[in-house]
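In: The sequence and its predicted three-dimensional model are supplied below.
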Amino acid sequence: MAAPSIFRRYWATWLGAMSLMALAVAMLAWLADPYRVLGTPDIAGLNRSKPATVERAALAKAYLLRRSAPGTLLLGTSKVECGLDPRSPWLRQGPSPVFNAGVPGTDVRYSYGVLRDAIRVAPVRRVLLLVEPTELLSAPAADEASPPGPFLPEHGQRARDLVLALLSRDALFDSVETLASQRGRASGLDQTGLLADDFFTRSTDREGFAALFRQKLPTEVATLDRIGRQTRQSPAARIAGIYWTRRIIALARDHDIVIDIAIAPVHADLLRLIDRARLWPRLAQGKRALAEAVEREGKGRVALWDFARFDRYSTEPLPAGSATPMQWFWEPNHFRRSLGERILQVVYGHGSGYGELLKVADVDRSLARDDGARRRDRIVNSAENQRLSAQLSSAGVMLEGQVSGVKFIPVR
Amino acid sequence: MLFNSPVFLFAFLPLATAIFYWFGRRSVSRALAALIVASLLFYGWWRPLNLLLIAPSIALNYAIARALIARAEDNSRSSKLLFWFGIAFNICFLAYFKYTDFLATLANDVAGTGFSLQHIVLPLGISFITFQKIALLIDARAGRITRIGLRDYVLFVLFFPPLISGPIVHYRELMPQFERLDGRMHWQDMTVGATLFFMGLGKKLLLADPIALHINPIWDMTAAGQAPSLIYAWSAVLGFVVQLYFDFSGYSDMAIGLARLFGIRLPHNFNSPLRAMSIIDYWARWHVTLTRFLTAYLFSPISLALTRARLARGQQVVSGRRTKLPTFLILVAMPTMLTMLISGIWHGAGYQFVLFGALHGMALIINHAWRTWKPKPPKGAPKTSPAARWLFLSWLVTIGFAVLAKVFFRAADIHSALLMIKALIGGGGLALPQALGALASSVLGWNVVASSGGTTDFLHMIGLVALAWTIALVMPNSHEMLAAYEPALDFQPIAGRRKIELCWRPGRRWAIAMAALALLGLMSLGQVSAFLYWKF
């Protein structure tokens, strides 16, 4: 048996080495601040680009929001996160700073939670909420009225986040990745919550926009398939996004916050898919219900814009070559910042020529115009429709038959 | 409480150890009482109701064990009845919690009954605790235990390191060690225990869990009725085998290390099973204490009783190469199959586990038959070691079989297991991430479909699985590294030259290396995941 002194020396070395290594890891994590939790100042060439925030957008935004104390909030999903630039000239007039609080994979209910928590820590005076068109198709969940969980971390959670941001394996690896990825284009979220274009350009530069559209197609088909089955089972079901939109309007009213609402734009490919999945009337029903809810809850003081339409932006054709970029869209579900600027111009700059202001009084006419544009698209953009048909075929989606409950209409 | 949870590592364990040694300096008896209280807290932490469920069973088993010890020489009918009542009680106790739904499903499937499933919540570690209690009753009946006190019995059943998932330990192994404790902290025990614990934590958090993150979606996809493509299927199956190995052997290392912190040596549970050269060898290295239990308390008694019966009737018994097939079938094949079927059902209540046990039973029977009747080398031929290619072939057949059988262990049901096996032979086609698929198509001319996963994730998964297999096959295991300090009871390193010699010593380099491993392990605690064997 070895002498106890040998083991005591072993433990002293063990503890010393452990402490030093832990300190080194924590310093590295502080320097890199891969999730923007620690608030380390951005230094160009050292830690400004934050690729790890892409996967942890909600975490990063909770801390960014608390630190930036915004006067204007941009609420919504990934469409907002990558498409609406808080530094836009159209946002300069009005409460500042502007913060992009769009969180991928969320819904209006989640946006309510963001606004509810943001009001507690920031002087929010203006909000722009983008509603997903698919939320106007879906039926509400069974637990529709249950309030969303906290967006901003409480004390216990903040302590836990701090430890994990400084001394966790993920933080260590992501810190190394952060420090190593400072050359080239910025990636991840910036201080305003905006997602860098690099998230998409990594794919589009390599494979082109058409490939990205093709890759996203099965996901969109699956989403519409699910919604289609849902609506077939209960055609009279209410619209998912309405309840929490009303709650957001009420919350804004109670806190003297000016709010504008917009139905987010999507590429015409997605609108064509909605049409072929026989969900177009459901979308119209959703838009009408939203218009009524906004007017009732907003007492005529909240504007509702509809950008999910067939227009010159959404019908942008896919480029033939992989090197040619698209001007307005990254892929069917995500618009580029250029289109985001147009949205902000319309909403805050009183611009025209894009979208429609939906009001209950003339919602029927507006929806009729929308439907006319859909019909025209079948004729005018027959080449694009044929391309989509070919893509659906190659993705294994039958045009004539049932696709797990949804009958897609063929285009001839 | 999970060994890899912050509450265990940063609160329970330091407190339990400190209180144990604080009391130990005054009285070993009080230290052991404190250990019982700590074990109760450990067991009841997740669901205090567990304690209420297990307490009557402990009390009854203790009473029966005492009565059996008092009648050690008594072979009367009442003594036998008492013994069999104890065994039946434990089996029924386990069966109620673990197999009610399975039996209902079986009855519904076979007899068309309409029993509804109860979804009874399993008390933590019930399978392991029941086996230990049964072993104690058998040992008491056989006279291998001569005295037992209530405190000792409770300590034996509830001692927290092996409580939930083993190693399955005998009363006669554990209690003499408790009796020998002097209540003082020994640096060597603390150091060896902590080293083994952090090695186990590293296996779980740095190898098993990251692999699970990649392969679980593939298994989920199979459970949903979709066959994965060829490379994904092999990654899922090979990944699961090595995940299970590092998960369970990691857990065992942690349990053995924890016990050592209190000056107790537990039996080892794993000895590099993925290096086994035969299926018999495999079971001698994988979950060693379960194999030992099943051999000692199931296979051997059945085989022995049959042998005695045949001897009494003047019939042939097993006698090397002269053994006749019927004799082999009755004395070796039947007990083996029965033992492995019970082993399969013990692992889980589902048809796939029955099939898993049956497959291993068949493999063991074939292995025993080969050992009995394999061709003898010609007389006078020099005794040489088998050629490397034969060794490799033995390993390949053994591990190939073990890997395929594990499909039934992991799959949600038999249908998805068969779907996965179909995928392993290409039934799900060949798909690769876009970039790799394009490369394979252009360079090799393969017809590859683009999979939905990304290239980085795919390469990460393949790399992790390959790294884990390499460690399992090439590196010495944790007990081999610590062999000089007897980390576990009855551990014997496997004979033969190893590729890499790594012997732990209490020196500076090892202290720094183990500190790095411990830090990485502790830094991986963010997402606590349960050990795979906890559900058993």
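Out: All right, it came through fine. Residues are numbered from 1 along each chain as shown, chains lettered A, B, ... in the order given.
In: Once you drop chain neighbours, what's closest to A:Gly45?
Out: Counting by Cβ to Cβ, 6 or more residues apart in numbering or on different chains, A:Gly45 lies nearest to A:Gln182, which is 5.4 Å off, once chain neighbours are set aside. No exception for glycine: its C-beta is placed from N, CA and C like everyone else's.
In: The one you found touches A:Ser49, doesn't it?
Out: Yes: assessed by Cβ atoms under 8 Å, A:Gln182 is found in contact with A:Ser49 at 5.4 Å.
In: since we're on residue 81, how many residues are nearby?
Out: All of this refers to chain A. A:Glu81: 24 surrounding residues under other Cβ atoms under 10 Å in any protein chain shown.
In: wrong one, I was asking about chain B
Out: Residues lying near B:Leu81 (other Cβ under 10 Å) number 10.
In: got it, and the one 10 residues further on?
Out: Neighbouring residues of B:Ile91 were enumerated by other Cβ under 10 Å; the total is 13.
In: and it, what element?
Out: Using DSSP states H and E, B:Ile91 falls within helix B:77-111.
In: could you point out which element follows that helix?
Out: helix B:126-141.
In: And the residue of chain B positioned farthest from its centre, how far from chain A?
Out: What lies farthest from the middle of chain B is B:Ser442; by Cα atoms, centre = their mean that is 45.5 Å. Using Cβ to the nearest Cβ, to the nearest Å, B:Ser442 is found at 15 Å from chain A.
In: dump the residue contacts of the residue lying closest to B:Pro6 once chain neighbours are set aside.
Out: Leaving aside its chain neighbours, B:Pro6 sits nearest to B:Leu525 (5.6 Å; criterion: Cβ to Cβ, 6+ apart). By Cβ atoms under 8 Å, 6 or more residues apart in numbering or on different chains, B:Leu525 lies in contact with A:Ser168, B:Asn4, B:Ser5, B:Pro6, B:Leu9, B:Leu205.
In: Buried ones from the residues you listed, can you make that a PyMOL selection?
Out: In PyMOL syntax, the buried subset of the contacts of B:Leu525 is picked out as below (16 or more other Cβ atoms under 10 Å in any protein chain shown):
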select buried, (chain A and resi 168) or (chain B and resi 4+5+9+205)
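In: Tell me which of the contacts of B:Leu525 fall in strands.
Out: In strands, defined here by DSSP state E, there are no members of those.
In: Relative to the helix or strand hosting A:Leu128, what are the paired strands and their orientations?
Out: Applying DSSP H and E as the criterion places A:Leu128 in strand A:126-131. For strand A:126-131, the paired strands and their directions (DSSP bridges) are strand A:72-75 (parallel), strand A:258-263 (parallel).
In: Tell me which of those lies nearest to B:Trp84.
Out: Of all those, strand A:72-75 sits nearest to B:Trp84, with 69.6 Å by Cβ to Cβ.
In: State the mean pLDDT of stretch B:363-374.
Out: For stretch B:363-374, the mean per-residue pLDDT is 93.
In: Any residues of chain B in contact with chain A? List them.
Out: Chain B comes close to chain A at residues B:186-188, B:190-191, B:205-206, B:434-435, B:452, B:506-508, B:510-512, B:514-516, B:518-520, B:522-526, as judged by Cβ under 8 Å from any Cβ of the partner chain.
In: Which of those residues fall within helices?
Out: B:187-188, B:190-191, B:434-435, B:508, B:510-512, B:514-516, B:518-520, B:522-523 (DSSP state H).
In: How about the contacts made by residue 194?
Out: All of this is about chain A. The neighbours of A:Leu194, taking Cβ under 8 Å, 6+ apart as the test, are A:Glu81, A:Cys82, A:Leu84, A:Asp85, A:Pro86, A:Arg87, A:Asn100.
In: you looked at the wrong chain, it should be chain B
Out: By Cβ under 8 Å, 6+ apart, the neighbours of B:Ala194 are B:Gly257, B:Leu261.
In: picking that back up, also compute the angle for the helix holding B:Ile91 relative to helix B:126-141, please.
Out: 150 degrees (axes from the mean of the first three to the mean of the last three Cα atoms, to 10 degrees).
In: And the contacts of A:Leu194, which of them are buried?
Out: By 16+ other Cβ under 10 Å, the contacts of A:Leu194 give A:Glu81, A:Cys82, A:Leu84, A:Asp85, A:Pro86, A:Asn100 as buried.
In: Turn these into JSON lines, columns for distance to chain B and secondary structure.
Out: JSON lines is the format used below for those (distance: Cβ to the nearest Cβ, whole Å; DSSP: H, G, I helix; E, B strand; the rest coil):
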{"residue": "A:Glu81", "distance to chain B": "20", "secondary structure": "helix"}
{"residue": "A:Cys82", "distance to chain B": "18", "secondary structure": "helix"}
{"residue": "A:Leu84", "distance to chain B": "27", "secondary structure": "coil"}
{"residue": "A:Asp85", "distance to chain B": "27", "secondary structure": "coil"}
{"residue": "A:Pro86", "distance to chain B": "29", "secondary structure": "coil"}
{"residue": "A:Asn100", "distance to chain B": "25", "secondary structure": "strand"}
